[in-house]
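Undergrad: pasting the structure only:
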């Protein structure tokens, strides 16, 4: 949600009316950014936070367990998607906006944009790379490099699936106007698209059309009133080379086991760490060395990251950018799709070791990675180099003009 909040802040500063259409669970995020909110319901996030959602997105266990979880999610997702699309339809038709900046999971804006009166009014926002054809990489869903021809095929497959979803959605909404697959494909290729990614991480390919741009990472304005506790302040003052460990909004079926695994490694190697329990992917355990480990909940990253040496996280786009922006040596424990891309990117640029996916971590394979993160000073130096590059980036005016013109 955060790139949308940041753009919402920018548009509001310029005098535009902004409505954030998010799942209900993110109402507070919009409120903290002083933006108007419209609810898309609770069911989509509830699905992700269900036992099947946790198993599919980051669970341990057999491949069969994950496969069955995916099947049950697919079965339940149809009705949930119908509700999401219906709420998008009702809001957009009632407001008739001048522009829609939308996430790739939002389908109705694509259909709305196909209306001649709405041509050019929809802008896709992607906080992850490789949604549009990039020669040296597959579509983000495939996370590889199969060579130019096969890479291009993965983007065609992804678009085929999206076009099919749009066609199905028109039937759900009982839209009588015939929309062809060719029209949808042309719209997907010609609509404006913004990647809210630092070009230090993902430079814009020079062969892209002008309707696609990479316009930097943007943080929303927040008014949380958050203040550190005395215990937290004392912990930070006491230690150097602190690690910050967080799974952000990611959950998994075994949060206590995962947390104990980290604690065991940290305590054995005398590594001080802050563990952020956030959405429950990590939890506060009954037994831990309070001199080395300190638990926090929903701590503002812009407050804590300048104070730590390195970060271990799930690999969300926002957390990846913030970790690098504040010069943190970084290791990612990926859970889903784009997080594997960021994991590879961090490793390739030399800002940290290549992390291990959440359902594969063990003491044996994780411990040497954490020790490498802490002891290899080149990771910290490279992260600080990227931070210096990101500090020079300012795309606000270009971003605003790209949306409104």
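TA: Alright, I've got the coordinates. Given the structure is predicted, the values throughout are model-derived calculations rather than measurements. Residues are numbered from 1 along each chain as shown.
Undergrad: any low-confidence regions in the stretch 101-250 of the chain?
TA: Counting by pLDDT under 70, the stretch 101-250 of the chain contains low-confidence ranges at 222-224.
Undergrad: which residues of it fall in helices?
TA: Using DSSP state H, counting those that start in this stretch, the helices of the stretch 101-250 of the chain run over 108-113, 148-172, 181-190, 230-238.
Undergrad: To residue 345, which of those helices lies closest?
TA: Taking Cβ to Cβ, helix 148-172 is the member of the helices of the stretch 101-250 of the chain nearest to residue 345, at 16.4 Å. C-beta coordinates here come from the backbone N, C-alpha and C atoms, glycine included.
Undergrad: how distant is the closest one from the center of its chain?
TA: Counting by Cα atoms, centre = their mean, to the nearest Å, helix 148-172 is centred 21 Å from the centre of its parent chain.
Undergrad: Next: stretch 395-405.
TA: In terms of Cα atoms, centre = their mean, the centre of stretch 395-405 is found 22 Å from the chain centre.
Undergrad: One more: stretch 261-276?
TA: Stretch 261-276 has its C-alpha centroid displaced from the chain centroid by 26 Å (Cα atoms, centre = their mean).
Undergrad: which parts of that stretch are buried?
TA: Across stretch 261-276, burial judged by 16 or more other Cβ atoms under 10 Å covers 261, 262, 263, 265, 266, 271, 272, 273, 274, 275, 276.
Undergrad: now do stretch 23-39
TA: 23, 25, 26, 29, 30, 33, 35, 37, 38, 39.
Undergrad: list the contacts for the closest residue to the fourth one other than its chain neighbours?
TA: Beyond its immediate neighbours in the sequence, the residue positioned closest to residue 29 (Cβ to Cβ, 6 or more residues apart in numbering) is residue 1, lying 5.4 Å away. Taking Cβ atoms under 8 Å, 6 or more residues apart in numbering as the definition of contact, the neighbours of residue 1 are 20, 22, 26, 29.
Undergrad: Which is the succeeding secondary structure element to the host helix or strand of the last one?
TA: With the criterion set as DSSP states H and E, the secondary-structure element containing residue 29 is helix 27-32. Along the chain past helix 27-32, the next helix or strand (assigned with DSSP H and E) turns out to be strand 36-39.
Undergrad: For this protein, which segments are assigned as strands?
TA: Along the chain, counting by DSSP state E, strands occupy 19-22, 36-39, 100-102, 122-126, 192-195, 212-214, 243-246, 273-276, 293-296, 310-313, 329-332.
Undergrad: The fourth one: how far from the chain's middle?
TA: Its chain's C-alpha centre and that of strand 122-126 lie 15 Å apart, by Cα atoms, centre = their mean.
Undergrad: Okay, angle between it and helix 181-190 too, please.
TA: 60 degrees (axes from the mean of the first three to the mean of the last three Cα atoms, to 10 degrees).
Undergrad: Note down every partner strand of strand 122-126 and its orientation.
TA: Using DSSP bridges, strand 122-126 pairs in its sheet with strand 100-102 (parallel), strand 192-195 (parallel).
Undergrad: Next up, the contacts around residue 316.
TA: Contacts of residue 316 (Cβ under 8 Å, 6+ apart): 248, 249, 250, 339, 342.
Undergrad: and with 6 Å instead?
TA: Neighbour list for residue 316: residue 248 [criterion: Cβ atoms under 6 Å, 6 or more residues apart in numbering].
Undergrad: Please determine how far it is located from residue 342.
TA: In this view, residue 316 and residue 342 are 8 Å apart by Cβ to Cβ, to the nearest Å.
Undergrad: Next: residue 303.
TA: Residue 303 sits 22 Å away from residue 342, going by Cβ to Cβ.
Undergrad: swap in residue 405?
TA: Residue 405 is 31 Å from residue 342, by Cβ to Cβ.
Undergrad: Compare neighbour counts for these two and give me the winner.
TA: Shown here are residue 405 and residue 342; by other Cβ atoms under 10 Å, residue 342 has more neighbours (25 against 7).
Undergrad: confidence score at the more buried one?
TA: Per-residue pLDDT puts residue 342 at 97.
Undergrad: Can you give the domain ranges for this protein?
TA: Under the assignment automatic domain parsing, the domains of the chain span 2-221+393-404, 230-391.
Undergrad: Determine which stretch of these is the most buried.
TA: Ranked by mean neighbour count under mean count of other Cβ atoms under 10 Å, these are led by domain 230-391, which reaches a mean of 19.
Undergrad: Next up, the contacts around residue 15.
TA: By Cβ under 6 Å, 6+ apart, residue 15 lies in contact with nothing.
Undergrad: can you check residue 198 too?
TA: Shown in contact with residue 198 (Cβ under 6 Å, 6+ apart): 216, 217, 390.
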